[in-house]
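1. Could you work out the structure for the sequence below:
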Amino acid sequence: MDKVSEHPQQFDATQFRRHLHQYPELSLHEADTAALINKQLCTFGLEPKTDIGGHGIVCTIDSGNPGVTTLFRADFDALPIHEKNSHSHCSKHDGVMHACGHDGHTASLMAVAEQLSLNPPASGKVLLLFQPAEEIGTGAANMLENSWLSEQNVDQVFAYHNLPGYPLNSVIIKPGTFTCASTGVTIELEGKTSHAARPENGISPTTAMLEIIRYLQAMPERYAEAFTLVTVIHATLGEEAFGTSPGYAKILATLRSDNNNVFNNMKQDLCEMVSAISAKKGLECSVSWQESFNAAVNATEPYEIVCQQAKHIGLDIEDIDAPMRWSEYVAEFLLKWPGALFCLGSGEAHPELHNPDYDFPDELIATASKLFLSIIRRLHGE
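-> Numbering: from 1, shown residues only. This next block holds a predicted model:
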């Protein structure tokens, strides 16, 4: 990667963000990005811990005085998307781009790191955590397997995500569940092929496949106590050969809920149902889970702190009624420690997340870092 600033007073968060945007790396492959983050933190005179749960980084700013411990998280992995933009900092890695704003989240937290290196907290400790592999739902859990991190007595966690479709710089938040739990599921059914003229000589998964799809589509009716959503996204049966009766089927679906207990029950019930249907039809079966996320649940006090400090620095607050249907892997940290996830509006007409024409709005870097620093000054003093 290209050279970045050598001294704290020369740090340009926008330049840093655009540099990350030019050199995106996919989940589990963020070695160069992690090295750049580490280098910049060291340039500030800080001493980050690296290689936590893969390419994860945690930087501790300790006042040396008693007080609370507060953790702030940013993510830094990119997506397998071909960028379609014309700005000067387009991705130089073909087929990979920062289409979710993780470059901006990281630049925001880096701006906080610069300020804390110049004006440390008066009490307690601040942990700045840079998380890899958010998009695939593994990075946070992998980091928490690190004994040093898992043993930290964190009092509260704060994180944000940019969100198109809302006014620029507005704060979007709610108490309780903020983003849904979700998972991808792959169901495979293995029978026995036969000649299409003699289907009775084989074991076709056709009726089992249809029964499972009907079950998936009806699942939300069985869990009326919470918001649930099941989307069947792909299904295949047999081969494109008129002379063959199928012996194999595959179903892909996404499950969502705003309640972690309901979500786990959905997964367990689905496994039992697939096993029962397969046994009845004489099929072998497998159920595997991909990109699994718990719901991100905001604790009351951290939620109130975000709202109060946002109001204190003059930001508009939109307290939403229903959780976001998408998922965010900061949920793993919020299961372990109380905290709050919120969003900052990227603009009502801004391109959507995960779109090839998306680019993080640089204005949010100052907004996010200012809000984080306001929270820090409230909890840790000047």
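2. surely residue 320 meets residue 172?
-> Yes: Residue 320 is within contact range of residue 172, at 6.0 Å (criterion: C-beta atoms under 8 Å). (C-beta placed from N, C-alpha, C; glycine too.)
3. Please identify which of those two sits among more neighbours.
-> Neighbours per residue (other C-beta atoms under 10 Å) separate residue 320 from residue 172, with residue 172 holding more: 21 against 12.
4. Where does pLDDT dip in this protein?
-> The model of the chain has pLDDT under 70 over residues 1-9.
5. Show me the helices in it, by range?
-> Using DSSP state H, the helices of the chain run over 13-22, 31-43, 102-118, 139-144, 147-150, 206-222, 260-281, 300-312, 331-336, 363-380.
6. With distance to residue 70 and mean neighbour count as extra columns, can I get those in JSON lines?
-> Compiled in JSON lines, the helices of the chain are given as follows (distance: least, C-beta to C-beta, whole Å; neighbours: other C-beta atoms under 10 Å):
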{"stretch": "helix 13-22", "distance to residue 70": "21", "mean neighbour count": "21"}
{"stretch": "helix 31-43", "distance to residue 70": "17", "mean neighbour count": "19"}
{"stretch": "helix 102-118", "distance to residue 70": "11", "mean neighbour count": "24"}
{"stretch": "helix 139-144", "distance to residue 70": "17", "mean neighbour count": "22"}
{"stretch": "helix 147-150", "distance to residue 70": "14", "mean neighbour count": "12"}
{"stretch": "helix 206-222", "distance to residue 70": "38", "mean neighbour count": "16"}
{"stretch": "helix 260-281", "distance to residue 70": "24", "mean neighbour count": "16"}
{"stretch": "helix 300-312", "distance to residue 70": "9", "mean neighbour count": "18"}
{"stretch": "helix 331-336", "distance to residue 70": "12", "mean neighbour count": "22"}
{"stretch": "helix 363-380", "distance to residue 70": "6", "mean neighbour count": "21"}
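7. Could you export the ones you listed as a markdown table, including distance to residue 291?
-> Written out in a markdown table, the entries for these read as follows (distance: least, C-beta to C-beta, whole Å):
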| stretch | distance to residue 291 |
| --- | --- |
| helix 13-22 | 23 |
| helix 31-43 | 20 |
| helix 102-118 | 16 |
| helix 139-144 | 12 |
| helix 147-150 | 23 |
| helix 206-222 | 17 |
| helix 260-281 | 13 |
| helix 300-312 | 26 |
| helix 331-336 | 13 |
| helix 363-380 | 25 |
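8. Between these, which one is closest to residue 166.
-> Residue 166 lies closest, by C-beta to C-beta, to one member of those: helix 363-380, at 11.4 Å.
9. Could you check the angle the closest one makes with helix 102-118?
-> Counting by axes from the mean of the first three to the mean of the last three C-alpha atoms, to 10 degrees, helix 363-380 lies at 40 degrees to helix 102-118.
10. Flag every buried residue along stretch 118-128.
-> 121, 124-128 (16 or more other C-beta atoms under 10 Å).
11. How many residues are close by residue 91?
-> The number of residues packed near residue 91 is 19, by other C-beta under 10 Å.
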